[in-house]
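1. Give me coordinates for this.
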Amino acid sequence: MGNQPPVPPCPSASPVPTAESGVQGRRCTASEVSVVFACMGCGRECFDGNMPKAVECVCGLRMLRDDYGAVMQETWPFESGSIDEDFAVCTTQFQGMLRDLEIATFGVFADPLEGDTGELLRLELVSLRAFFQVRPRFLSEGECFLHQGSRYKVLSAYPSQGFVTPTTSLACTDFLTLEEVAVVRVVALAPCRMTRDLEEVILQPYLRSRPHHLHSGQLLSLKGLQVLILHMTPKDGLTTPTTTLMCESGSLQPIKTLRLSPYLEDLPREMQRLDRLSSMKAVFAKYIVPYFKGWRRVVMHGQELGIKGVEFRIHLARPIRGYVSDSTSLLYHGRPLSRREELNRQIQQDEVMARSLQPQAPRRLRGRDTRDMLIQVIEMLHVIRVSGESEGASQLEIDLLPTHKASTHSGSCLICLSEYEAEECVRTLPCCKTYTVHFFHKDCVDKWFKDNRLCPVCKTPANYREERV
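-> Predicted coordinates:
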């Protein structure tokens with residue numbers, strides 16, 4: 001490394017050269033190389049992003065450039081439609097802007113050996129840095145490529161396309177697999193809305209056409225439809241004709257403003273002693289920016305999330321649920337939270353919420369201590385909150401839940417804290433049809449489901465349907 005010439009400046013500020021600027025067979029210096037070159041056959045511009053990937057021109061000629069800029073004719077050494085095509089052939093759609101990447105995160109396709117996986121990923125990052133020093137490389141989010149026999153994928157990038165420069169923050173964070181994907185759950189990003197027609201016309205054909213490597217959090221742009229992968233089993237892998245596709249109805253809105261704070265006890269000791277301004281800079285640089293920039297994280301108001309071993313709490317999200325985009329305003333006021341103070345505040349809020357769920361004229365309590373039952377409801381609310389599943393159920397989902405008449409021995413409703421009276425209408429949840437302790441007053445549980453779709457006892461969603469043989 002020490003004997004190599006200095007890396008020339010990135011030409012990202014220069015306009016894209018025309019086809020005439022590329023000369024067949026001429027070796028170019030790194031500073032002269034562009035993201036496009038002239039086709040050896042017809043002279044049209046061909047885009048390869050300075051990556052070691054083959055290009056097929058519209059005239060049918062297949063070509064490849066070496067690290068010196070020399071163009072040569074290429075043949076496909078693999079079966080068309082295989083996963084190998086993603087690593088060897090450039091299919092990136094150039095968006096027309098030459099920018100520098102601020103952040104790029106990579107995954108490597110490998111089975112980690114026993115030992116320190118962190119050290120193995122660090123060595124992969126060293127290899128990647130050397131790869132990007134050879135010449136300016138133009139990367140896109142989700143792109144796969146080869147280097148020295150290893151396979152890599154760009155997991156995230158900010159902006160979504162751009163040059164890797166000496167100032168780009170690089171990270172190699174995950175070992176990726178080629179396992180078959182069993183389930184993938186997606187949601188459309190606004191302004192698009194997921195419909196059955198879009199699922200059948202766009203998504204299903206994409207998954208069935210050939211194997212695609214996907215990972216949780218990946219953005220797919222398909223014929224104008226932007227789809228975010230919310231969850232996968234496993235967390236990354238290859239799609240197959242048997243992969244189950246689950247589509248969340250509606251669309252996900254971008255978060256305009258997100259304000260969050262870390263817990264003081266989780267921060268390193270040196271950060272705990274910083275003043276407000278220094279704390280803001282340090283927390284943003286180490287935690288907030290690397291976690292959110294380039295990733296479309298799905299968040300919601302009141303959520304707690306872990307970033308590099310530090311727990312953060314979201315104080316404000318507008319709208320209350322959505323995804324963090326490149327234009328999201330990320331805010332941290334510089335004052336970490338205290339767990340003790342936060343716990344006291346949450347207890348007070350839960351007490352207010354638990355009492356608000358009781359009817360205006362509460363039924364007579366019999367054989368139960370009111371405060372003990374109130375504490376039980378408070379604990380139940382806390383479990384629901386930290387689970388992150390606080391979306392309400394739809395009116396149709398509520399109406400589909402069965403009801404029946406209660407007896408005088410049915411126990412007490414855990415929402416209003418009152419015992420059931422004979423012939424009262426109670427609602428039974430599909431997760432607990434044989435457990436009378438899970439019965440609730442119809443009015444109480446209907447009000448509950450307006451704010452939270454989970455069973456107050458066992459946390460099963462309201463739309464769950466038990467499979468019966």
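2. and Thr173, what element?
-> Assessed by DSSP states H and E, Thr173 sits inside strand 169-176.
3. quick one: that strand to chain centroid distance?
-> Centroid displacement of strand 169-176 relative to its chain, using Cα atoms, centre = their mean, to the nearest Å, is 15 Å.
4. what do you get for stretch 417-429?
-> The chain centroid and the centroid of stretch 417-429 are separated by 41 Å, computed with Cα atoms, centre = their mean.
5. What of stretch 440-458?
-> Taking Cα atoms, centre = their mean, one finds stretch 440-458 lying 29 Å from the centre of the chain it belongs to.
6. Tell me which residues of the strand holding Thr173 come out buried.
-> Residues of strand 169-176 classed as buried by neighbour count (16 or more other Cβ atoms under 10 Å): Cys172, Asp174, Phe175, Leu176. For every residue, glycine as well, the C-beta is placed using N, CA and C.
7. Ok, stretch 393-401 next?
-> Going by neighbour count (16+ other Cβ under 10 Å), the buried part of stretch 393-401 is Ala393, Ile398, Leu401.
8. what's the answer for stretch 57-68, then?
-> Using 16+ other Cβ under 10 Å as the test for burial, stretch 57-68 gives Cys57, Leu61, Met63, Leu64, Arg65.
9. Looking at those residues, which is nearest Thr167?
-> Set against Thr167, the nearest of these by Cβ to Cβ is Arg65 (25.1 Å).
10. Name all residues that make contact with that closest one.
-> Contact analysis of Arg65 by Cβ atoms under 8 Å, 6 or more residues apart in numbering lists Phe37, Asp48, Asn50, Pro52, Val71, Met72.
11. And what about the closest residue to Glu304 other than its chain neighbours, helix, strand or coil?
-> Take Glu304 and drop its neighbours on the chain: the residue closest to it by Cβ to Cβ, 6 or more residues apart in numbering is Arg313, 5.1 Å away. At Arg313 the chain is in strand, as set by DSSP: H, G, I helix; E, B strand; the rest coil.
12. how far away is Arg313 from Ala285?
-> Per Cβ to Cβ, to the nearest Å, Arg313 is found 20 Å from Ala285.
13. So for those two, which residue has more residues nearby?
-> Each of Arg313 and Ala285 has its neighbours counted (other Cβ atoms under 10 Å); Arg313 has more, 16 against 11.
14. tell me the pLDDT at that one?
-> As predicted, Arg313 sits at a pLDDT of 92.
15. my read: it touches Leu343, true?
-> No - look at Arg313 against Leu343 with Cβ atoms under 8 Å: they stay out of range, at 11.6 Å.
16. Which of the buried residues of stretch 57-68 sits closest to Ala188?
-> Cys57 (33.7 Å).
17. rewinding a little: got a list of contacts for the strand holding Thr173?
-> So strand 169-176 is in contact with 102-112, 117, 121-122, 124-125, 128-129, 132, 151, 153, 155, 164, 213, 215, 236, 290, going by Cβ under 8 Å, 6+ apart.
18. Mind checking which of these are buried?
-> Using 16+ other Cβ under 10 Å as the burial test, the contacts of strand 169-176 include 102-109, 121, 124-125, 128, 132, 151, 153, 155, 164, 213, 215, 236, 290 as buried.
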